[in-house]
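Dropping the sequence and predicted coords here.
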Amino acid sequence: MPEKFDVIVVGAGPSGTSCAYKCAQAGLKVLQIERGEYPGSKNVMGGVLYRKQMEAVIPEFWKDAPVERAIVEQRAWLLDGNSMVTTSVKNNDWEQEPCNNYTILRAKFDQWFANKAVEVGSLLINETVVLECIVEDGKVVGVRTDRPDGDVYADVVVLADGVNSLLAKKLGYHNELKPDEVALTVMEVLNLPKEVINDRFNVKDNQGVTIELFGDATKGNLGTAFIYTNKDSLNLGVGTTLSSMIKAKMKPYELIEYVKNHPMVSPLIKGAESAEYLAHLIPEGGYYSIPKLYGNGVLLVGDAAQMVNGIHREGSNMAMASGTLAAETIIAAKEKGDFSEDTLSSYKTAILDSFIGKDLKKYKDANHTFEEQPQYFKDYIPMINRAASSFLTVDGTSKRDKQKEALKTFTKDKGTFTVVKDMYRAWKVMK
Amino acid sequence: MEENKNAQTIEEKQYLIRFKADTESHLHVLSHDVCIEKCPDKLCTIFCPAEVYKWEDIRMHVGYEGCHECGSCRIGCPHENIKWEYPKGGHGIIFRLG
């Protein structure tokens, strides 16, 4: 007789573990299945963990969790070939508990988090691939794994299997993703002594900095690069939509070398030693790409449900929030003794009412617009650099003429009307 | 050579990662004829972040052992010519850090 659980969670990333943790904590019988050697061994993330949604699962997690540095400064670089215009927000209050966000290393963090779920009673099985959902009479009743006699049954199956959710696709919940719906991102973990990081980034021990790099970092293609500080390493990565990568015929590993060798970047990483190289897709289709989120005996969470806000580099927080909402839905369904599509539909309502639904809706047209209108990354960032640099170059021209010249830089190439139109379009999709 | 401790080539980068390769590939090019006849640019050989795909005269060599399991080839192949599965449980790439 095969074993039966209340809940099977496929995947041990932030969304799956949040769901497993909350369900187990409520006394449900939970099985979590991870295909990697350990949780996190298949997972990649730039490395910014937002405190709020994690705290909703485990209060004061930072006292125990393997976090790297509390982020006290967030910088943005508008890069050109040999110059940049930068902004930065630094706030030492962000170092006070509860901190705003932390850098983490996923392979370490996910293991810790999944073990926390085990501590509250969830059963974790590693090194096991779920091949398909077992469907009986239109209802998901369990999963088929690649283990011998590997069928396991449950009242509800939670698909937390990430961006490549073959399981959701097999159920017909979404079509194959398109190259403009995903960002192909590569990253290196670069070891540097703690003191060197502190000096170069102007921070103290345990204070962290994030930098997002736009423009020349992706050679003007839709995407970003990033540099995040860990305790004694940096996460440096770069990604563009897969469609941009294909169109521009870029090799991801050459693009990351381009970033590492950029004159604005190379001084920060001088002498660093590469510790790991990682590639991953980020689901960035946003609101329009959200698949069917629930069915008879099944729920989708995290990347599998396309819950990423590319504009604000948010994903793991949405993953955790969706996992938590899924758990609440399941706990209510358990009380009712009904895991039908009708009962589980409250999950979708909860998602759309939460910040996840609201944020994804707010930016529903942003990615598509920037994909179709490449001038923002290709033209405007270099223009801003030229204008700002010219304004600050002292060469005997009067300040009034400098100002005129700077303004002219914006309208000379494109015409005033085009610039105004472009700015209006950008404002509209971001407002 | 302090400057060269960072991995520059794809070979050096791949060397940093731990793999536990299965004996069988989880990636399959469905038709090498499609690559020959319909895909002059052999796009997968360009955008694959691990240089898993290499064109050898008349067929696509698939070095699945170094695959990051990112899914780009499945989504990016313009001819849907790649059958993409997860490696067997516990096999494939094993990230230690990021």
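Structure's in. What do you need?

can we go C-alpha only for contacts and neighbour counts from here?
Fine.

Could you list the low-pLDDT ranges of chain B?
Scanning chain B for pLDDT under 70 picks out B:1-4.

90 instead?
B:1-5, B:98 (pLDDT under 90).

Am I right that residue A:237 is in a strand?
Yes - under DSSP: H, G, I helix; E, B strand; the rest coil, residue A:237 sits within a strand.

who's in contact with it?
Residue A:237 is in contact with A:46, A:185-188, A:225-227, A:256, counting by CA atoms under 8 Å, 6 or more residues apart in numbering or on different chains.

just the strands in the stretch 201-350 of chain A please.
Counting by DSSP state E, counting those that start in this stretch, the segments of the stretch 201-350 of chain A that form strands are A:207-215, A:223-229, A:233-241, A:273-283, A:294-295, A:298-300.

Correction: the previous question concerned chain B.
Taking DSSP state E, the strands of chain B run over residues B:18-20, B:27-29, B:53-56, B:59-62, B:82-84, B:92-94.

Nearest to chain A among the ones you listed would be which one?
Across the strands of chain B, the minimum distance to chain A, taken as CA to the nearest CA, is reached by strand B:92-94, at 4.8 Å.

what packs against the closest one?
With contacts taken as 3 or more CA pairs under 8 Å, 6 or more residues apart in numbering or on different chains; DSSP states H and E, strand B:92-94 sits against strand B:18-20.

Show me what the strand it packs on pairs with in its sheet, parallel or antiparallel.
Using DSSP bridges, strand B:18-20 pairs in its sheet with strand B:92-94 (antiparallel).

And residue A:155, how close does it get to chain B?
Note on residue A:155: its distance to chain B, by CA to the nearest CA, to the nearest Å, is 24 Å.

Do you know the pLDDT at that residue?
On the pLDDT scale, residue A:155 is placed at 98.

which element is it on?
strand A:151-159 (DSSP states H and E).

Helix or strand next in line after that strand, which one?
Later in the chain than strand A:151-159, the nearest helix or strand by DSSP H and E is helix A:166-170.

who's in contact with whatever helix or strand comes next after that next one?
Going down the chain from helix A:166-170, the next helix or strand is strand A:182-191, by DSSP H and E. Residues outside strand A:182-191 that contact it (CA under 8 Å, 6+ apart) are A:46, A:223, A:232-242, A:245, A:252-253, A:256, A:269, A:272-285, B:6, B:49, B:72, B:97-98.

for stretch B:27-34, same thing?
So stretch B:27-34 is in contact with B:58-60, B:62, B:64, B:79, B:81-85, going by CA under 8 Å, 6+ apart.

please redo it, this time with the cut-off set to 6 Å
Outside of stretch B:27-34, the residues within contact range by CA atoms under 6 Å, 6 or more residues apart in numbering or on different chains are B:59, B:81-84.

repeat for stretch A:372-383
A:80, A:215, A:220.

in that stretch, what counts as buried?
A:376-378, A:380-383 (16 or more other CA atoms under 10 Å in any protein chain shown).

again with stretch A:198-212
Across stretch A:198-212, burial judged by 16+ other CA under 10 Å covers A:198, A:201, A:203, A:206-212.

which of these has the weakest pLDDT?
Across the buried residues of stretch A:198-212, the member with the lowest pLDDT is residue A:206, scoring 93.

surely that one meets residue A:67?
No - judged on CA atoms under 6 Å, residue A:206 makes no contact with residue A:67 at a distance of 9.5 Å.

Show me the shaky parts of the stretch 251-400 of chain A.
Flagging of the stretch 251-400 of chain A using pLDDT under 90 yields the residue ranges A:310-313, A:366-377, A:379-380, A:383, A:386-395, A:397, A:399-400.

Point out the residues in it that sit beside chain B.
Contacts of the stretch 251-400 of chain A with chain B, taken as CA under 6 Å from any CA of the partner chain, map to A:251-252, A:271, A:273-274, A:276-277, A:280-281.

Reformat those as TSV; add neighbour count.
TSV is the format used below for these (neighbours: other CA atoms under 10 Å in any protein chain shown):
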residue	neighbour count
A:251	20
A:252	27
A:271	19
A:273	21
A:274	22
A:276	23
A:277	28
A:280	23
A:281	25
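
Return the two entries of those residues that lie farthest from one another.
Spatially, the most separated pair among these is A:271 and A:281, at 28.7 Å (CA to CA).

For residue A:361, give its distance to residue B:17.
Residue A:361 is 38 Å from residue B:17, where distance means CA to CA, to the nearest Å.

Alpha carbons of whichever strand or helix holds residue A:141, as PDB, please.
Element membership for residue A:141, per DSSP H and E: strand A:139-145. C-alpha atoms of strand A:139-145 as PDB (Å, rounded to 0.1, in the frame of the first residue of the first chain):
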ATOM      1  CA  LYS A 139      -7.800  15.200 -10.100                       C
ATOM      2  CA  VAL A 140      -4.100  15.300  -9.200                       C
ATOM      3  CA  VAL A 141      -3.800  12.600  -6.500                       C
ATOM      4  CA  GLY A 142       0.000  12.200  -6.200                       C
ATOM      5  CA  VAL A 143       3.300  12.200  -8.100                       C
ATOM      6  CA  ARG A 144       5.400   9.700 -10.000                       C
ATOM      7  CA  THR A 145       9.100   9.900  -9.100                       C
END
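
for that strand, packing partners?
Judged by 3 or more CA pairs under 6 Å, 6 or more residues apart in numbering or on different chains; DSSP states H and E, strand A:139-145 is in contact with strand A:130-136, strand A:151-159.
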